[in-house]
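> Sharing a sequence plus its predicted fold:
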Amino acid sequence: MLYLKTDEEIALIKESNQLVSKTLAEVARHIQPGVSTLYLDSIAETFIRDHSAVPAFKGYNGFPATLCTSVNDQVVHGIPSKYTLKEGDIISVDCGVILDGWYGDSAYTFPVGNIKQEVKKLIDYTLASLEEGVKEAVDGNRIGDISNAVQTKAESGGFTVVRELVGHGIGKNLHEPPEVPNFGRKGSGHKMSRGLVICIEPMVNMGRKETVQSRDGWTIRTIDGKPSAHFEYAVAVNKGKADVLTTFGFIDEVLNNM
Ligand code: MG
Ligand code: MG
């Protein structure tokens with residue numbers, strides 16, 4: 001059984017996800033060549049605690065940081081480190097918070113300075129695949145409708161989708177049923193009802209779809225060393241159209257003024 005949230009609960013989950021959106025925008029201000037991923041992590045942790053919330057990833061299954069910072073061929077779960085960003089890198093920043101007991105979880109892939117056109121295309125298609133997935137998150141549809149929409153859009157750009165990691169339900173827990181894969185058949189999987197809150201998070205690779213886990217026990221990389229992009233929204237399934245609980249509007253504001 002899937003836990004359906006009330007409108008009041010969804011409003012609280014939205015608060016939490018809006019704080020994640022603002023945290024990612026705060027991080028965005030600092031993304032430039034020469035900045036370490038550990039510094040970005042400290043910016044995020046301070047911002048979250050200043051807003052009466054708790055970083056959700058820190059300590060989760062032993063993860064050591066507030067952010068997952070995944071650069072270039074790192075797909076997800078990169079650990080912030082002394083690595084300093086270089087012109088032409090891309091960095092996926094994944095952030096989670098707990099606010100008043102409710103979880104928020106979102107990710108955005110940023111360019112560092114000027115990036116290659118083909119890498120820009122990868123980022124654009126990954127974001128577009130997320131948006132295609134969101135369109136399917138409506139009452140009466142099935143999870144596979146989201147999965148298929150994401151996969152179809154990503155592959156139409158000549159890219160591949162990661163299989164080993166998936167989206168998920170969210171609420172009082174960071175990860176709840178159902179799993180939300182980024183590949184699959186239309187009409188398959190759980191039927192969605194109004195009140196289901198899920199994170200849709202395509203991980204899209206420029207080369208092969210296969211990934212490997214690094215020796216640090218966390219970082220997932222592409223098997224061929226080619227770049228990967230990742231975006232994530234929390235959405236509440238509704239009749240006709242999903243309610244997106246995340247916004248990239250705060251990030252856009254920052255990026256447009258840099
Ligand atoms: Mg996430
Ligand atoms: Mg997630």
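Perfect, I can see it now. Ligands and ions are numbered 1, 2, ... in the order given.
> what about Ile10, helix or strand, and which?
helix 7-28 (DSSP states H and E).
> For the next helix or strand after that helix, give me every contacting residue.
Later in the chain than helix 7-28, the nearest helix or strand by DSSP H and E is helix 37-50. If you take C-beta atoms under 8 Å, 6 or more residues apart in numbering as the criterion, helix 37-50 is touched by 19, 22-23, 26-27, 30-31, 54-55, 58, 65-67, 69, 71, 78, 80-83, 85, 91, 93, 95, 97. No exception for glycine: its C-beta is placed from N, CA and C like everyone else's.
> which parts of the stretch 151-258 of the chain sit against ligand 1?
For the stretch 151-258 of the chain, the residues found near ligand 1 under the criterion C-beta under 5 Å from the ion are Glu232.
> Try it again at 6 Å.
Within the stretch 151-258 of the chain, the positions adjacent to ligand 1 are 201, 232 by C-beta under 6 Å from the ion.
> that older thread, turn the buried ones among the contacts of helix 37-50 into a named PyMOL selection, would you?
Buried residues within the contacts of helix 37-50, by 16 or more other C-beta atoms under 10 Å, are selected in PyMOL with:
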select buried, resi 19+22+23+26+27+31+55+58+65+66+67+69+71+78+80+83+85+91+93+95+97
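> Which members of the contacts of helix 37-50 occur in helices, if any?
19, 22-23, 26-27 (DSSP state H).
> Just send these back as JSON lines, with pLDDT too.
Putting these into JSON lines (pLDDT from 0 to 100) gives the following:
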{"residue": "Leu19", "pLDDT": "98"}
{"residue": "Lys22", "pLDDT": "98"}
{"residue": "Thr23", "pLDDT": "98"}
{"residue": "Glu26", "pLDDT": "98"}
{"residue": "Val27", "pLDDT": "98"}
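> Of those, which is the nearest to ligand 1?
Thr23 (12.0 Å; C-beta to the ion).
> how about that closest one, what does it touch?
Thr23 touches 44, 47-48, 95, 97, counting by C-beta under 8 Å, 6+ apart.
> Closest one of those residues to Gln117?
Cys95 (27.8 Å; C-beta to C-beta).
> partner residues bridging that closest one?
When bridges are called by DSSP bridges, Cys95 pairs up with Leu67, Ser106.
> any idea how far it lies from ligand 1?
7 Å (C-beta to the ion, to the nearest Å).
> Model confidence for that residue, exactly?
Turning to Cys95, the model gives it a pLDDT of 98.
> That one against Ala25, yeah?
No: using C-beta atoms under 8 Å, Cys95 makes no contact with Ala25, being 10.5 Å away.
> excluding its backbone neighbours, what's nearest the residue in the stretch 1-150 of the chain that ligand 2 sits nearest to?
Relative to ligand 2, the nearest point of the stretch 1-150 of the chain is Asp105 (4.3 Å; C-beta to the ion). Leaving aside its sequence neighbours, Asp105 sits nearest to Gly96 (C-beta to C-beta, 6 or more residues apart in numbering; 4.5 Å).
> show me the contacts for that neighbour.
Applying C-beta under 8 Å, 6+ apart to Gly96 gives the contacts 20, 55-57, 60, 103-105, 174.
> circling back: need the max-distance pair from the ones in helices among the contacts of helix 37-50.
Leu19 and Val27 (12.7 Å).
> burial count for Asp50?
9 (other C-beta atoms under 10 Å).
> how far away is Gly113 from ligand 1?
Separation of Gly113 from ligand 1 (C-beta to the ion): 25 Å.
> Could you do Glu131 as well?
Taken as C-beta to the ion, the span from Glu131 to ligand 1 is 17 Å.
> before we move on, what about Gly88?
24 Å.
> Distance check, that residue against Asp94.
For Gly88, the distance to Asp94 equals 21 Å [C-beta to C-beta, to the nearest Å].
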